[in-house]
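Asks: build me a model from this:
(one chain, ligands or ions: 1)
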Amino acid sequence: MQNAITLAITGASGAQYGLRLLQVLSQHSLPVYCLLSDAARVVLRAEVNPDFPLDHAALPEFLQQHSDVDIRHVIFPTQHDWFSCVASGSAAPRQMVICPCSMGTLAAVAHGLSDNLIERAADVVLKERGTLILVPREAPLSQIHLQNMLTLAQAGAVILPAAPGFYLQPQSIDDLVDTLVQRILDQLGIAVTLAARWGAVR
Ligand SMILES: Cc1cc2nc3c(=O)[nH]c(=O)nc-3n(C[C@H](O)[C@H](O)[C@H](O)COP(=O)(O)O)c2cc1C
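Replies: Numbering: from 1, shown residues only. Predicted coordinates for the structure are as follows:
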């Protein structure tokens, strides 16, 4: 489904960004292929909900009940579902976001490892000259992290760090999350407004 969006949530801190993006995309009836790494589930349990399911089959219902995700618009391939359309340039969506993106996944994508469906889907989007947005989170950044990000930027990916601005005067964590998710939606060309824009506040 080429007008769909692939959203991968990996095991970096900031799981809320990925969940909010999934919620917004699905609530606007945008078809999403949602890929979760094993580490993402661990982080989701640590940061969002200790009951977040490790069992793949339980994922859709849990997300619908606890995160207001409209699962009618979301497909959840497993990490090794090589028959998913995201694995092939002949059918994969042309837009993909990895949010949040761990340094492990970032390194794997930078070096074309394609060892699981997230890495392969990102590799496909790069080779097809689509839009690949990575939302990395780490602090501080090592030379290896920075080199991998440069490699990806040179390959055409967008590096959009999980670093929300404070200049729009966020009042809550939800506001901060939306500040970042808004920038991702803007990069995707999706006309949804979650957060105020510069010039509109004073
Ligand atoms: C609570 C928690 C927070 C983590 N935060 C980060 C992080 O901010 N950035 C990062 O690169 N890795 C972070 N990690 C480590 C990654 O989860 C780990 O490297 C994992 O292998 C990444 O796998 P994945 O890329 O398949 O999701 C964190 C792990 C846990 C459990």
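Asks: where does the spatially most central residue of the chain land on pLDDT?
Replies: Closest residue to the average C-alpha location of the chain: Cys99 at 2.8 Å, with C-alpha atoms, centre = their mean. You'll see Cys99 listed with a pLDDT of 99.
Asks: looks to me like it is in a helix.
Replies: No - counting by DSSP: H, G, I helix; E, B strand; the rest coil, Cys99 is not part of a helix but strand.
Asks: and it, what does it touch?
Replies: 7-9, 14, 17-18, 21, 133-135, 162, 184 (C-beta atoms under 8 Å, 6 or more residues apart in numbering). C-betas here are computed from N, CA, C, even on glycine.
Asks: Cys85 now?
Replies: 1, 33, 91-93.
Asks: just these now: which is nearest the ligand?
Replies: Proximity of the contacts of Cys85 to the ligand (C-beta to the nearest ligand atom) peaks at Tyr33, which lies at 16.6 Å.
Asks: circling back: can I get the contacts of Cys99 in TSV including neighbour count and distance to Pro50?
Replies: Output for the contacts of Cys99, formatted as TSV (neighbours: other C-beta atoms under 10 Å; distance: C-beta to C-beta, whole Å):
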residue	neighbour count	distance to Pro50
Leu7	27	23
Ala8	28	23
Ile9	29	17
Gly14	22	17
Tyr17	24	19
Gly18	30	18
Leu21	25	22
Ile133	21	29
Leu134	27	28
Val135	28	24
Ala162	22	22
Ile184	23	27
